[in-house]
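[1] I'll drop the sequence and a predicted model, then ask my questions.
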Amino acid sequence: MKISKSILLLGLYLCCYNLSFVKGQSWDSVSSGLTNGVLVLFSDTVDNFLYAGGHFKKADSTILNGIAAWDGNNWNNLGSGMTDCANVCSPVFAIDRYKGNIYIGGMIAELDGIQVNGIGKWDGTSWDSLGRGVDGYTTEFLVYNGYLYVIGTFDSAGNIAANSVAKWDGTSWTDVGLFQNYGNDYNRLGALEVYKNEIYVGGIFYGSDVKPMNIARWDNTNWKSVGQGIKGGLVTVEDFEIYKGYLYVGGYFLKADGNGGDFIMKWDGSNWSEVGGGTNGEVEDLFVYNNELYAVGNFSEAGGIPADRFAKWDGKNWCGIGSSFDNTISAIAEYNNSLFVGGGFWTIDKDSISHIAKWKGGIDTCSSFSAILDHGLNNASSMFVYPNPFSVYTTIEIPEKFQAGSMRLSFALFNLVGTEVKRIENITSDKIKINRDNLPSGLYFYKFTEMDQIITTGKLSIQ
């Protein structure tokens, strides 16, 4: 699955574990877990397996070599897996089913001793290659219109030129419009989806306001820009997901660079917009479950509320679950009506749960106020707040355009679960003083309204 994972995780998964079955507050382990990082999960409804791919060597005494199938009770190998595994396997990034076979992609040279070059297929008994494979590595698959679409970092697929995008029909490779090489060397793609009958790819490639920049769409004739692209010097695009009519994009990008949000944003076919204030760190995978969007990655907040590497978005509000992971979450999937996550973690809530876990449910903190921040209203820069953070009191200075006259402002302060904890009505002066009183330390949201219309919003932090 995603490009940055290979960079971040290769140096992290150096130890092997053999753990007994344990339970966390909101999580169950999956058998004894896996010995190293999980980068991709794929739930296959045909054979009812949860497939996992990553750096891991084994589970308990079962040798897996980077690719495994969970049947609800036990881990099963797929032949002997990757040939070049030592204690840590080269990464598997992608898994999908196509025309009766399971396909895996990644930095793979051989499977069961068969040279596959970045992509291989499993028929339930043995591995096979896809012609000559690719001359680099693959990161994501998409089954669409009878083809298996493949992206990654490569210049050719089989015998054809294909700059990081190609499609396979079960027999031969075809390029997809010969996606341009926008980088200095070659493109690095990590996200793939169909939205409004167009294929979207995202990753790392350089463009401009008139050429695709880190995200592009294929209209079956040409590759085109998506707005003005995704801007920034350290951009990665990790995943796409369609939710409530929008294309959601997760990765590493910042609103300050001219993007629609921080680390997650959404596209309606014409415009970018924010997702409840975004997260404070990279989003690596997105998944829709029970009509809600789940985001996982390497962050500690979503929409300003605590959410350690796992957060839920319902279209208006972010929620965290109160759990603590000691390392990143890279993948999320549904299997047998439960959510599973995989990643680099060894513990959850200080319990030993090695690299894969099943969520038992439960929500800790939600912010009904986060929806306000997603409506494109004036932000906190409209008001001057000092000091912030504060321990005893703070002052909010109100610009002249909001002062007395026809306007009568109201101020309301909310805690992280959306409960109003302070209110000041009929403000007519040029500043107000907010006393801490007995409020506990933490993050709060405020809003100013006039005649029930929101004028501006912002955040206060009490130390």
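    Perfect, I can see it now.
[2] contacting residues around residue 99?
    Neighbouring residues of residue 99 by CB atoms under 8 Å, 6 or more residues apart in numbering: 148, 170. The way it works is simple: take the backbone N, C-alpha and C, and place the C-beta from them, glycine included.
[3] Try it again at 6 Å.
    residue 170 (CB atoms under 6 Å, 6 or more residues apart in numbering).
[4] got a pLDDT number for it?
    For residue 99, the model assigns a pLDDT of 97.
[5] Residue 355 versus that one, what's the distance?
    Residue 99 sits 30 Å away from residue 355, going by CB to CB, to the nearest Å.
[6] pretty sure residue 241 is touching residue 286, no?
    Yes. Using CB atoms under 6 Å, residue 241 is in contact with residue 286, at 3.7 Å.
[7] what sits in contact with each of those two?
    Common neighbours of residue 241 and residue 286 (CB under 6 Å, 6+ apart) are residue 248.
[8] and the two? which has more neighbours close in?
    Ranked by neighbour count (other CB atoms under 10 Å), residue 241 and residue 286 place residue 286 first, with 25 against 21.
[9] that's a helix at that one, yeah?
    No. Looking at residue 286 with DSSP: H, G, I helix; E, B strand; the rest coil, it is strand, so not inside a helix.
[10] The chain should start at 3 in everything you say after this.
    That works, and once the first residue is 3, the last one we named lands at residue 288.
[11] List the contacts of stretch 421-439.
    Outside of stretch 421-439, the residues within contact range by CB under 6 Å, 6+ apart are 394-400, 405-406, 410-417, 464.
[12] Just the buried subset of the residues you listed, please.
    Burial by neighbour count, judged by 16 or more other CB atoms under 10 Å, picks out 396, 398, 400, 411, 412, 413, 414, 415, 416, 417, 464 from the contacts of stretch 421-439.
[13] So for these, which is the shakiest by pLDDT?
    For these, the pLDDT minimum is residue 417, 79.
[14] ok now do it, which residues does it touch?
    423, 446 are the contacts of residue 417 under CB under 6 Å, 6+ apart.
[15] mind redoing it with 8 Å?
    423, 444, 446.
[16] nearest to residue 39, of those?
    Closest approach to residue 39 among those (CB to CB): residue 444, at 32.8 Å.
[17] Identify the bridge partners of the nearest residue to that closest one once chain neighbours are set aside.
    Nearest residue to residue 444, sequence neighbours excluded (CB to CB, 6 or more residues apart in numbering): residue 464, at 6.2 Å. Beta bridges link residue 464 to residue 392, residue 444 when assigned by DSSP bridges.
[18] Spit out the contact partners of residue 464.
    391, 392, 393, 438, 441, 442, 443, 444, 446.
[19] again, only this time at 6 Å
    Residues in contact with residue 464 (CB under 6 Å, 6+ apart) are 438, 441, 443.
[20] From residue 194, how far out is it?
    Taking CB to CB as the measure, residue 464 and residue 194 are separated by 44 Å.
[21] Lowest-scoring secondary structure element of this structure by mean pLDDT?
    Ranking every helix and strand in the chain by mean pLDDT, DSSP states H and E puts helix 5-11 at the bottom, with a mean of 39.
[22] from the contacts of residue 417, which is closest to residue 327?
    residue 444 (21.0 Å).
[23] from memory residue 137 sits against residue 155, does it?
    No. Counting by CB under 6 Å, residue 137 does not reach residue 155; the two are 9.5 Å apart.
[24] Neighbour count: these two, which is higher?
    Neighbours were counted for residue 137 and for residue 155 using other CB under 10 Å; residue 155 has more, 25 against 15.
[25] Do me a favour and get the backbone dihedrals for residue 100.
    phi -150, psi 120 (degrees, to the nearest 10).
[26] Spit out the contact partners of it.
    Residues near residue 100 by CB under 6 Å, 6+ apart: 145, 150.
[27] Can you give me the distance of it to residue 306?
    Relative to residue 306, and taking CB to CB, residue 100 is found at 41 Å.
[28] where exactly do the helices run in the stretch 353-465 of the chain?
    With DSSP state H, counting those that start in this stretch as the definition, the stretch 353-465 of the chain shows no helices.
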